[in-house]
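**Student:** only geometry, no sequence info:
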């Protein structure tokens, strides 16, 4: 993968994370709940990928 495309992907991930945190804080979701939701999603994805491979 060329370096510029890689850097654009990193930038897109950082912007998506910032947008998610900003939107959650604007509607009043505590950061603890947002973090627990992200951790739960990561665990689900981890176990789903583990069964396939």
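**Tutor:** Here it is on my side, so go on. These numbers were taken from a predicted model, which means no experiment stands behind them.
**Student:** C-alpha only now, for contacts and for neighbours.
**Tutor:** Noted.
**Student:** What's the separation between residue 17 and residue 45?
**Tutor:** Using Cα to Cα, to the nearest Å, residue 17 is found at 18 Å from residue 45.
**Student:** The protein: helices as residue ranges?
**Tutor:** For the chain, helices defined by DSSP state H occupy the ranges 3-27, 31-52.
**Student:** So, low pLDDT: which residues of this protein?
**Tutor:** Low-confidence segments of the chain (pLDDT under 70): 51-53.
**Student:** can you rerun that using 50?
**Tutor:** For the chain, applying pLDDT under 50 flags no range at all.
**Student:** Find the centremost residue of it, please.
**Tutor:** Geometric centre of the chain, nearest residue: residue 17, 5.9 Å, by Cα atoms, centre = their mean.
**Student:** measure that one to residue 11 for me?
**Tutor:** On the measure of Cα to Cα, residue 17 and residue 11 end up 10 Å apart.
**Student:** same thing with residue 46?
**Tutor:** According to Cα to Cα, residue 46 and residue 11 sit 24 Å apart.
**Student:** And for residue 28?
**Tutor:** As judged by Cα to Cα, residue 28 and residue 11 stand 26 Å apart.
**Student:** ok, these two, which is more surrounded?
**Tutor:** Taking other Cα atoms under 10 Å, residue 28 and residue 11 do not tie; residue 11 has more neighbours (12 against 9).
**Student:** dump the residue contacts of the more buried one.
**Tutor:** Neighbouring residues of residue 11 by Cα atoms under 8 Å, 6 or more residues apart in numbering: there are none.
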